[in-house]
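In: dropping a prediction and its sequence here:
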Amino acid sequence: MTITLVGAVVSSLGAPLIPAIATSTSVSLASAQWTLTITVLVAVVATPLMGALGDGRHRRPAVLTALALVAAGSVIAALGTTSFPALLLGRSLEGVGLGLAPVTIAVAGDVFSGERRTRTVATLSIVNAAGVGLGYPLTGTLAQLAGISGAYWFGAVAALIALAAAWSVVPSTRSRPDKRMDLPGALLFALSITALLVAASEGASW
């Protein structure tokens, strides 16, 4: 549950920060909104890939790698609050966290059975949605108390805590057969979604 919550909360950090990001990086509000868009874009691509990895023999490495990327992205964003490319890179890495939800649900399906499995899977789904919603007011509070960088430092600490928890509790699935990854399909999907988001966000100015 901690892994799902942290992934969702950290990925949703940002909406209240858009005006401050635009000011600190000297970009327009429309450009600053890409710190949100790029996170969603990465999440859309990462979620099915993480789901496939979670259903195969690479579940534990996938979870640990994803949380390490989220932590690294948060650190990059915290250190790069005056650099728009650095913020974009950091936020893109944070987007991987939203792909953790199907993996944690798969873990619950293996560990629990019967009614407890049903309740746990339902709870994880609710926690994932609630975590995304929680990120917005939390971002505003952290930004008021510690500035833009404070919100992202919080994300780094939370991701490291979740990484430690995952190291302790996520079981290995090395005995399972390997799953084939549709990387060309994922790349094509990413390019098409990127084109759609660019057109939607920049169409008026074009």
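Out: Alright, I've got the coordinates.
In: end-to-end on stretch 104-122?
Out: Length of stretch 104-122, first residue to last, C-alpha to C-alpha, to the nearest Å: 12 Å.
In: hang on, I meant stretch 48-68
Out: Its start and end residues considered, stretch 48-68 measures 19 Å (C-alpha to C-alpha).
In: again, but for stretch 70-90
Out: Using C-alpha to C-alpha, the two ends of stretch 70-90 sit 8 Å apart.
In: can you check stretch 88-99 too?
Out: First-to-last residue span, stretch 88-99, C-alpha to C-alpha: 18 Å.
In: do stretch 10-21 as well
Out: End-to-end span of stretch 10-21 (C-alpha to C-alpha): 17 Å.
In: the longest helix anywhere in the chain: how far from the chain's middle?
Out: With secondary structure taken from DSSP state H, the chain has its longest helix at helix 114-169. Chain-centre distance of helix 114-169: 10 Å, with C-alpha atoms, centre = their mean, to the nearest Å.
In: now the element after that helix, going C-ward?
Out: helix 183-202 (DSSP states H and E).
In: in that next one, what counts as buried?
Out: For helix 183-202, the neighbour count (16 or more other C-beta atoms under 10 Å) marks Leu197 as buried. The C-beta positions use only the backbone N, C-alpha and C, and glycine is treated the same way.
In: go on, stretch 65-79?
Out: 66-79.
In: pLDDT on it, on average?
Out: What stretch 65-79 shows for mean pLDDT is 93.
In: with stretch 20-39 instead?
Out: Averaging pLDDT along stretch 20-39 gives 87.
In: what's in contact with it?
Out: 11-12, 14-15, 17-19, 81-84, 87-88, 91-92, 94-95, 98, 143, 147-148, 197, 201-202, 205 (C-beta atoms under 8 Å, 6 or more residues apart in numbering).
In: let's go with 7 Å and repeat that
Out: With contacts defined as C-beta atoms under 7 Å, 6 or more residues apart in numbering, stretch 20-39 is touched by 11, 14-15, 18-19, 81-84, 87-88, 91-92, 94-95, 143, 148, 197, 201, 205.
In: in helices, which of those fall?
Out: Among these, the subset assigned to helices under DSSP H consists of 11, 18-19, 84, 87-88, 91-92, 94, 143, 148, 197, 201.
In: where's the dip in pLDDT among those residues?
Out: Note: of the ones in helices among the contacts of stretch 20-39, the lowest pLDDT belongs to Ser201, at 67.
In: hmm, back to that, okay, the buried residues of stretch 65-79 in JSON lines with secondary structure next?
Out: Below are the buried residues of stretch 65-79 laid out as JSON lines (DSSP: H, G, I helix; E, B strand; the rest coil):
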{"residue": "Ala66", "secondary structure": "helix"}
{"residue": "Leu67", "secondary structure": "helix"}
{"residue": "Ala68", "secondary structure": "helix"}
{"residue": "Leu69", "secondary structure": "helix"}
{"residue": "Val70", "secondary structure": "helix"}
{"residue": "Ala71", "secondary structure": "helix"}
{"residue": "Ala72", "secondary structure": "helix"}
{"residue": "Gly73", "secondary structure": "helix"}
{"residue": "Ser74", "secondary structure": "helix"}
{"residue": "Val75", "secondary structure": "helix"}
{"residue": "Ile76", "secondary structure": "helix"}
{"residue": "Ala77", "secondary structure": "helix"}
{"residue": "Ala78", "secondary structure": "helix"}
{"residue": "Leu79", "secondary structure": "helix"}
